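K.L.:
pasting the structure only:
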């Protein structure tokens, strides 16, 4: 069976982040965080929580020379932070995001061939960094219709193509099914394809619309869970979702949806 994790940024929001991590751990889940620079890593390390993923860069982008250099530099800082928390995965996007989830360097059209080549070169270097440290970088698909307009390589198909082109163990896909449902749909087939290629580093979930826990929207997550069991997926499924009402209830709804 797969491992279940919960994003501490989005539940128990009245508590300090270290207390949120403890609550999530006590409920039987691993813990994910976003921008590690905003948190007291020493306090998080003192909790009993097992951390499964965190943001893998502070600034930068995949496609322009200066942005790629900054992405790689801050990824090295993130590797040290991940080692402090024994966190096995560091997450990436096509470009840096601001506090509202908007791209720092937006694009207004489809990525050009030059951008694809630059992204491939940058991701290859990131994969090499991860392999040297024993940590996996994951490239997450996003949606541009609701949450992240202007992010390059946001589609799941584009993210998967980049990870497949790099083809190194230090880089895998963070397959976010909330974003994929908004952008592309056909989630079970998408999971089957990515799993068949051996490129899934993690799966993230939230329901549509609203980005709340499974069971609050249109996605049939129990069917996704059954497909994952049939495929033999043994990785992590993480709830990156707001609690629609009570955080404890949200965690139990998530657990129920992914206990086929």
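P.N.:
Everything's here; your move. Since the structure is predicted, the reported quantities are computational estimates derived from the model, not experimental observations.
K.L.:
The chain: strands as residue ranges?
P.N.:
In the chain, the strands defined using DSSP state E lie at 3-7, 30-32, 51-55, 89-92, 136-140, 171-176, 200-205, 236-239.
K.L.:
Need those in JSON lines (columns: distance to residue 163 and mean pLDDT).
P.N.:
The way it works is simple: take the backbone N, C-alpha and C, and place the C-beta from them, glycine included. What follows is the strands of the chain, written out as JSON lines (distance: least, Cβ to Cβ, whole Å; pLDDT from 0 to 100):
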{"stretch": "strand 3-7", "distance to residue 163": "20", "mean pLDDT": "98"}
{"stretch": "strand 30-32", "distance to residue 163": "19", "mean pLDDT": "98"}
{"stretch": "strand 51-55", "distance to residue 163": "16", "mean pLDDT": "98"}
{"stretch": "strand 89-92", "distance to residue 163": "10", "mean pLDDT": "98"}
{"stretch": "strand 136-140", "distance to residue 163": "6", "mean pLDDT": "98"}
{"stretch": "strand 171-176", "distance to residue 163": "5", "mean pLDDT": "98"}
{"stretch": "strand 200-205", "distance to residue 163": "8", "mean pLDDT": "98"}
{"stretch": "strand 236-239", "distance to residue 163": "16", "mean pLDDT": "98"}
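K.L.:
Could you dump the ones you listed into JSON lines with distance to residue 126 added?
P.N.:
Formatted as JSON lines, the strands of the chain follow (distance: least, Cβ to Cβ, whole Å):
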{"stretch": "strand 3-7", "distance to residue 126": "22"}
{"stretch": "strand 30-32", "distance to residue 126": "19"}
{"stretch": "strand 51-55", "distance to residue 126": "13"}
{"stretch": "strand 89-92", "distance to residue 126": "7"}
{"stretch": "strand 136-140", "distance to residue 126": "5"}
{"stretch": "strand 171-176", "distance to residue 126": "6"}
{"stretch": "strand 200-205", "distance to residue 126": "13"}
{"stretch": "strand 236-239", "distance to residue 126": "20"}
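K.L.:
Residue 147 is nearest to which of those strands?
P.N.:
Of all the strands of the chain, strand 171-176 sits nearest to residue 147, with 10.2 Å by Cβ to Cβ.
K.L.:
what pLDDT does residue 95 get?
P.N.:
At residue 95, the predicted lDDT confidence score is 86.
K.L.:
Skipping adjacent residues, who's closest to it in space?
P.N.:
If the residues on either side of it in the chain are set aside, residue 95 comes closest to residue 61, at 3.8 Å by Cβ to Cβ, 6 or more residues apart in numbering.
K.L.:
which ones are touching that neighbour?
P.N.:
67-68, 70-71, 94-96, 104-105, 152 (Cβ atoms under 8 Å, 6 or more residues apart in numbering).
K.L.:
May I ask which of those comes out lowest in pLDDT?
P.N.:
Among those, residue 105 has the lowest pLDDT, at 74.
K.L.:
tell me the two of the contacts of residue 61 that are most distant?
P.N.:
The farthest-apart pair in the contacts of residue 61, when distances are taken by Cβ to Cβ, is 70 and 152, at 15.7 Å.
K.L.:
Could you check which of those two has the larger neighbour count?
P.N.:
residue 152 (25 against 17; other Cβ atoms under 10 Å).
K.L.:
any chance of the strands of the chain in a markdown table, plus mean neighbour count and distance to residue 44?
P.N.:
Formatted as a markdown table, those follow (neighbours: other Cβ atoms under 10 Å; distance: least, Cβ to Cβ, whole Å):
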| stretch | mean neighbour count | distance to residue 44 |
| --- | --- | --- |
| strand 3-7 | 23 | 14 |
| strand 30-32 | 25 | 8 |
| strand 51-55 | 24 | 7 |
| strand 89-92 | 25 | 15 |
| strand 136-140 | 26 | 20 |
| strand 171-176 | 26 | 20 |
| strand 200-205 | 25 | 19 |
| strand 236-239 | 26 | 17 |
